[in-house]
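Asks: I need the structure of the sequence given here:
(one chain, ligands or ions: 1)
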Amino acid sequence: MTSPSNHTLTFSNPDDPKSAPREAARLMVGTDLAAEMVAKAAERAKALKDATGVEACLATVLVGDDPASATYVRMKQNRSKKAGIGSLSVVLPAETTTEELVAELRKLSEDPKVHGILLQHPVPAHIDERAAFEAIDPAKDVDGVTMHAFAAMAFGEPGFRSCTPGGIIRLLEAYDVPLAGAHAVVIGRSPILGKPVGMLLLASNATVTYTHSKTRDLADIVKTADIVVAAVGKANFVRGSWLKPGAVVIDAGYNENNTGDVHFEEATLVAGLITPVPGGVGPMTIALLLEQTVAAAEAQTTTA
Ligand SMILES: Nc1nc2c(c(=O)[nH]1)N[C@@H](CN(C=O)c1ccc(C(=O)N[C@@H](CCC(=O)O)C(=O)O)cc1)CN2
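Replies: Numbers count the residues shown, from 1 in each chain. So this is what the prediction gives:
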């Protein structure tokens, strides 16, 4: 991976050009690495098709009419298509019951033409999302949302990773960020983002602190972090003054208007490395989904 050097001279107080100049944080760009991953996944999908006639296929399941979710599913389908991965689209009305959704996911799990299944999160509030995720066959859980996948991540065993957490680790590795012994503070504890990213960091020998909405003295804890992963779902939540100088800042937020969870303008004056939004973690999420879909197709296809 060609990691771009993005050192730009800036001022410690952006409103005062006479303040002491310093280098802005280097950007951790996900776009290029994601493009490389997708290109490799496309090569593997083609090789599988040439050798066996089998086209890797990702089934996407969207419940309800949340416009952002519809956009993300469309992005996944379009990128699959470009990579030579087939997609099967299931769109269900907002009134779908847990039982109906579970039945649909079981059907896809049993369909031999489908190699990977993605249930777009969030589902409408009346649905038991955990029950729905657990209806996905672990062999087809290319989004890493089942308890099986979580246990594999927690035990440091091979398996499909939750896509955003797995993408974050790949980005940290590509930028040679040392994880062993580093203090990583994760802000957020959601089942497909905060919790698994902490587990993956721990499996890489980082010292992990989980923080969340009930955490006291959050800013003081963040100040002790070598690596900060912001996964709160609140725009511009993490302020520059919370950061230790030189910290690595991963912004996993995807709020309205492409705004991250980190106040970028402030954070870039303090951090050593920082992911932008857009162009940081987001593209890595979809790239890992495609990579894992092809891996699932390979594993499910017997070569004669
Ligand atoms: N089942 C899942 N649901 C959700 C996941 C997930 O990984 N699995 N993650 C998020 C949303 N998400 C994918 O679903 C997602 C969000 C944003 C991006 C992205 O690439 N964003 C771009 C900017 C958007 C654009 O280009 O228009 C970026 O950051 O550069 C990808 C995936 C919640 N649900």
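
Asks: Show me which residues of the stretch 201-304 of the chain are close to the ligand?
Replies: Proximity of the stretch 201-304 of the chain to the ligand (CB under 6 Å from any ligand atom) is limited to residues 254, 258, 277-279, 282-283, 285-286. Quick note: C-beta positions are derived from backbone N, CA and C, even for glycine.

Asks: among those, which ones are buried?
Replies: 254, 277, 279, 282-283, 285-286 (16 or more other CB atoms under 10 Å).

Asks: Which members of those are the farthest-apart pair?
Replies: Spatially, the most separated pair among these is V277 and I286, at 14.6 Å (CB to CB).

Asks: what about the nearest residue to G167 once chain neighbours are set aside, distance to K214?
Replies: Using CB to CB, 6 or more residues apart in numbering and skipping residues adjacent in sequence, the residue nearest G167 is M284, 2.9 Å away. Distance from M284 to K214, counting by CB to CB, to the nearest Å: 29 Å.

Asks: do T259 as well
Replies: 24 Å.

Asks: okay, the two: which has more neighbours?
Replies: Between T259 and K214, counted using other CB atoms under 10 Å, T259 has the larger neighbour count: 17 against 7.

Asks: May I ask you to confirm that the more buried one is in contact with E265?
Replies: No. Using CB atoms under 8 Å, T259 is not in contact with E265; the gap is 11.7 Å.

Asks: Quick one: the helices in the stretch 51-200 of the chain, in order.
Replies: 67-82, 98-110, 129-134, 147-155, 163-174, 194-203 (DSSP state H, counting those that start in this stretch).

Asks: count of neighbours near the closest residue to I169 other than its chain neighbours?
Replies: Of all residues not flanking I169 in the chain, L200 sits nearest, at 5.0 Å (CB to CB, 6+ apart). A count of neighbours around L200, defined by other CB under 10 Å, yields 22.

Asks: mind checking how far the nearest residue to A83 once chain neighbours are set aside is from G144?
Replies: Nearest residue to A83, sequence neighbours excluded (CB to CB, 6+ apart): A42, at 4.0 Å. Using CB to CB, A42 is found at 21 Å from G144.
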